[in-house]
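Chemist: Take a look and give me a structure for this.
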Amino acid sequence: MAKPRCVITAELMEPYLSQIKDMCDVTVGGWALEKRLMSEDELIGLLQGAEIFIVEFEQVTARVIDACPDLKLIMCVRGNPVNVDRNACTARGIPLLYTPGRNANSVAEFIVGAMIALIRKIALSYHELRSGRYLGEPKDNIYDVTYRDDMVWSMNDPGANPYIAFKGFEVFGKTFGMVGYGAIGRKLAKILQAMGMRLMAYDPYVPPEELQADGIEPATMEEVFSRSDFVSIQCKVTEETKGLIGAREISLMKPTAYFINTARGVIVDQKALMDALLEKRIAGAVLDVFWEEPLPANHPLLQMDNVLITPHIAGASSDVPVQHSLMIADEIARFVNGESPKRLFNKEIIKS
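Modeler: Predicted coordinates for the structure are as follows:
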């Protein structure tokens with residue numbers, strides 16, 4: 001029996017790519033080959049005759065789907081396949097698969113690292129040193145040193161004492177509140193509990209008993225915002241979550257609390273958060289996602305010392321492609337063997 005033709009524009013890792021090649025007649029292109037996104041017309045040309053399409057970043061529009069009559073399966077290697085037209089897939093009877101939790105470890109570890117980098121002023125102190133502050137005079141020979149028993153940094157220099165300027169606090173015993181308790185939350189909870197933090201979470205789709213079994217206090221949105229030392233947004237973008245966090249929620253935060261968003265900017269009201277930061281009504285924020293990306297060069301966030309911003313890299317781990325490659329190879333095997341998929345995104349296709 002002939003192998004199904006499979007087009008891959010996603011980054012897939014070995015040994016899983018070879019496993020897929022054993023099961024399918026594979027063509028690799030687009031982002032996977034050239035690190036550029038293909039246009040609609042390019043995708044349509046590449047997908048002619050293909051039954052399976054494995055995509056990561058390219059926009060798979062209704063026009064693309066309608067122009068490729070042989071497509072039987074579309075697989076997106078993301079936790080939320082927003083770049084694929086779900087309705088068009090369903091209308092054609094095409095299962096849309098995804099890779100839930102593929103970057104859960106990566107994002108969870110990033111949240112912990114960024115949180116500590118901000119509150120312990122690690123990133124700020126590094127920036128200040130690189131900018132020339134708190135340094136001694138240049139030396140001809142940096143290896144010509146005078147040993148002292150008590151080696152400290154500028155302790156007697158008023159206004160130039162990094163020990164005071166960059167003094168932070170510990171997370172032990174602090175309360176971490178989550179909005180959304182999915183794959184990332186579950187990974188994150190284990191790390192934070194090991195660090196001695198108290199956890200609470202708001203997620204209307206997770207039974208309180210499940211949260212309690214994981215050692216997490218079930219809470220309302222209001223309780224998470226009013227009682228937490230850190231509030232972390234970890235929910236997916238849906239019609240329900242767009243604009244979920246606004247001025248009312250942020251106003252409940254303690255003045256010593258920090259806001260963390262590694263989900264999506266659209267979940268949070270930009271002006272409400274910016275006003276709270278500019279007016280120092282909250283202590284600071286960790287932001288990896290924004291309302292417009294790239295962030296405009298004149299955005300006020302770039303001038304704030306109490307904010308740690310990163311360019312949407314919480315999921316940028318070299319281990320993430322390994323995780324999604326494993327899931328994709330598993331789903332290809334199920335497809336080839338005539339089995340039902342495990343990771344179906346457009347579940348409404350079963351009813352239709």
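
Chemist: count of neighbours near Lys242?
Modeler: Using other C-beta atoms under 10 Å, Lys242 is surrounded by 11 other residues. To be clear about C-beta, it is placed using only N, CA and C from the backbone, and glycine gets the same treatment.

Chemist: hmm, who's touching stretch 112-131?
Modeler: With contacts defined as C-beta atoms under 8 Å, 6 or more residues apart in numbering, stretch 112-131 is touched by 134-135, 162, 165-169, 171, 188, 191-192, 195, 230, 258, 260, 284, 286, 288, 305-308, 310, 314.

Chemist: repeat for stretch 30-38
Modeler: Applying C-beta under 8 Å, 6+ apart, the contact partners of stretch 30-38 are 8-12, 29, 42-43, 46, 55-59.

Chemist: average pLDDT for that stretch?
Modeler: For stretch 30-38, the mean pLDDT works out to 93.

Chemist: Distance-wise, check Val322 relative to Tyr16.
Modeler: According to C-beta to C-beta, to the nearest Å, Val322 and Tyr16 sit 8 Å apart.

Chemist: which one of the contacts of stretch 30-38 is nearest Lys242?
Modeler: When the contacts of stretch 30-38 are compared for distance to Lys242 (C-beta to C-beta), Gln59 wins out at 19.7 Å.

Chemist: how about the closest one, phi and psi?
Modeler: Backbone torsions for Gln59, taken as degrees, to the nearest 10, come to phi -80, psi 110.

Chemist: Report the contact partners of it.
Modeler: For Gln59, counting by C-beta under 8 Å, 6+ apart, the contacting residues are Leu37, Glu40, Asn83.

Chemist: repeat for Glu223
Modeler: By C-beta under 8 Å, 6+ apart, Glu223 lies in contact with Gly177, Met200, Tyr202.

Chemist: how would you label the first one: helix, strand or coil?
Modeler: Of the three states, Gly177 takes strand under DSSP: H, G, I helix; E, B strand; the rest coil.

Chemist: Any idea what it is bridged to?
Modeler: Gly177 has these beta-bridge partners by DSSP bridges: Met200, Val231.

Chemist: For burial, what's the neighbour tally of it?
Modeler: Gly177 - counted by other C-beta under 10 Å - has 26 other residues nearby.

Chemist: now the closest residue to Val60 other than its chain neighbours: how far from Ile332?
Modeler: Nearest residue to Val60 in three dimensions, chain neighbours excluded: Val84, at 4.3 Å (C-beta to C-beta, 6 or more residues apart in numbering). According to C-beta to C-beta, Val84 and Ile332 sit 17 Å apart.

Chemist: Setting the sequence-adjacent residues aside, check what's closest to Pro100.
Modeler: Gly79 (5.5 Å).

Chemist: Now do the contacts for Phe290.
Modeler: Gly265, Ile309, His312.

Chemist: let's go with 7 Å and repeat that
Modeler: Contact partners of Phe290, counting by C-beta atoms under 7 Å, 6 or more residues apart in numbering, are Gly265.

Chemist: Any figure for the gap between it and Phe230?
Modeler: Counting by C-beta to C-beta, the gap from Phe290 to Phe230 is 19 Å.
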